[in-house]
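Undergrad: here is a sequence together with a model predicted from it:
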Amino acid sequence: MGNLTTHILDTTRGLAAAGVSIQLTRVHADGSRSLLHTTVSNEDGRCDAPLLSGADFIAGQYELEFAVGDYFAANGVPLSEPRFLDVVVLRFGIADEGSHYHVPLLVTPYSYSTYRGS
């Protein structure tokens with residue numbers, strides 16, 4: 001069985017982003033959404049356990065929401081109001097239920113990038 005993990009890197013400070021609130025939501029075919037998991041990144045910018053695994057790891061569309069605005073504010077980074085980036089939402093698909101999906105987020109207060117990692 002596959003699983004889903006993430007890793008958040010603060011490229012402004014060159015550090016793992018600890019303390020970022022994360023929500024995982026399943027997006028159903030009819031557009032409705034189901035909140036599956038809420039957690040906070042650890043000192044390594046990762047989660048202590050996979051966000052999705054076992055029987056819950058099924059093909060479909062998902063969204064990860066990262067509360068990066070609160071993270072930067074809590075770390076003393078000056079932010080504009082309204083914040084340019086507040087919550088980064090990544091919508092992605094899981095096609096292979098037997099694979100590991102790793103979704104890293106590289107973020108600054110004004111930019112982000114992601115990719116399917118390993």
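TA: Arrived safely, thanks for sending.
Undergrad: does residue 3 have beta-bridge partners, and which?
TA: In this entry, residue 3 is beta-bridged to residue 53, residue 100, by DSSP bridges.
Undergrad: identify the bridge partners of the spatially most central residue of the chain.
TA: Closest to where the C-alpha atoms of the chain average out (C-alpha atoms, centre = their mean) is residue 64, at 4.4 Å. Counting by DSSP bridges, residue 64 is bridged to residue 24, residue 90.
Undergrad: what pLDDT does the residue lying closest to residue 4 once chain neighbours are set aside get?
TA: Once flanking residues are discounted, residue 4 sits nearest to residue 52: 4.0 Å by C-beta to C-beta, 6 or more residues apart in numbering. For glycine as for every other residue, the C-beta is placed from the backbone atoms N, C-alpha and C. Looking at residue 52, its pLDDT stands at 96.
Undergrad: contact partners for residue 52?
TA: 3-4, 24, 36-37, 62 (C-beta atoms under 8 Å, 6 or more residues apart in numbering).
Undergrad: buried ones only from these, please, as a ChimeraX command.
TA: Those of those that count as buried under 16 or more other C-beta atoms under 10 Å are selected in ChimeraX with:
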select :3,4,24,37,62
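Undergrad: same list, the contacts of residue 52, but as TSV with distance to residue 83 and pLDDT please.
TA: As requested, the contacts of residue 52 are arranged in TSV below (distance: C-beta to C-beta, whole Å; pLDDT from 0 to 100):
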residue	distance to residue 83	pLDDT
3	31	96
4	27	98
24	22	98
36	26	97
37	24	96
62	24	98
